[in-house]
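Predicted model and sequence follow; I will ask about them next.
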Amino acid sequence: MATLLDYCSLVRSKNAGPFTLTFDFLCHDEDTYHALVALDALNVDLFATMFHTDPGNVRVV
């Protein structure tokens, strides 16, 4: 089973305000990016579950 770092060269998070976090997932290349997107592993439900919040509070771009 592949890990996130098999797809990404860098994973980072930042506070974007008192109630907002951002996460950056930088893939090795464009093909790897498309493969990660196709997995649909980084989705609203995942982050809502991890941070115990309503999915309506999560935006994945």
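Received it, and whenever you're ready, just let me know what you need. Residues are numbered from 1 along each chain as shown.

And the longest strand along the chain, what's buried?
Using DSSP state E, we find that the single longest strand of the chain is strand 8-17. Residues of strand 8-17 classed as buried: C8 (neighbour count, 16 or more other Cβ atoms under 10 Å). C-betas here are computed from N, CA, C, even on glycine.

That strand - what's its average pLDDT?
If you average the pLDDT over strand 8-17, you get 94.

Check stretch 34-46 too.
95.

for it, how far is the first residue from the last?
Chord length of stretch 34-46, first to last residue, is 19 Å (Cα to Cα, to the nearest Å).

ok, and for it, which residues are buried?
L36.

Just the CA atoms of stretch 7-26, as PDB, please.
Output of stretch 7-26 as PDB, limited to C-alpha atoms (Å, rounded to 0.1, in the frame of the first residue of the first chain):
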ATOM      1  CA  TYR A   7       2.900  10.800  -4.100                       C
ATOM      2  CA  CYS A   8       4.100  14.000  -2.500                       C
ATOM      3  CA  SER A   9       7.500  15.500  -2.100                       C
ATOM      4  CA  LEU A  10       6.200  17.900   0.600                       C
ATOM      5  CA  VAL A  11       3.300  17.900   2.900                       C
ATOM      6  CA  ARG A  12       2.800  21.000   5.200                       C
ATOM      7  CA  SER A  13       0.200  22.700   7.300                       C
ATOM      8  CA  LYS A  14      -0.200  26.200   8.400                       C
ATOM      9  CA  ASN A  15      -2.500  28.200  10.600                       C
ATOM     10  CA  ALA A  16      -4.400  30.600   8.300                       C
ATOM     11  CA  GLY A  17      -6.200  32.300  11.200                       C
ATOM     12  CA  PRO A  18      -7.500  31.500  14.600                       C
ATOM     13  CA  PHE A  19     -10.000  28.900  13.300                       C
ATOM     14  CA  THR A  20      -8.500  28.000   9.900                       C
ATOM     15  CA  LEU A  21      -5.900  25.500   8.900                       C
ATOM     16  CA  THR A  22      -4.400  25.000   5.400                       C
ATOM     17  CA  PHE A  23      -2.600  21.900   4.100                       C
ATOM     18  CA  ASP A  24      -0.400  21.800   1.100                       C
ATOM     19  CA  PHE A  25       0.300  18.500  -0.700                       C
ATOM     20  CA  LEU A  26       3.000  19.000  -3.300                       C
END
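
Thanks a lot, see you next time.
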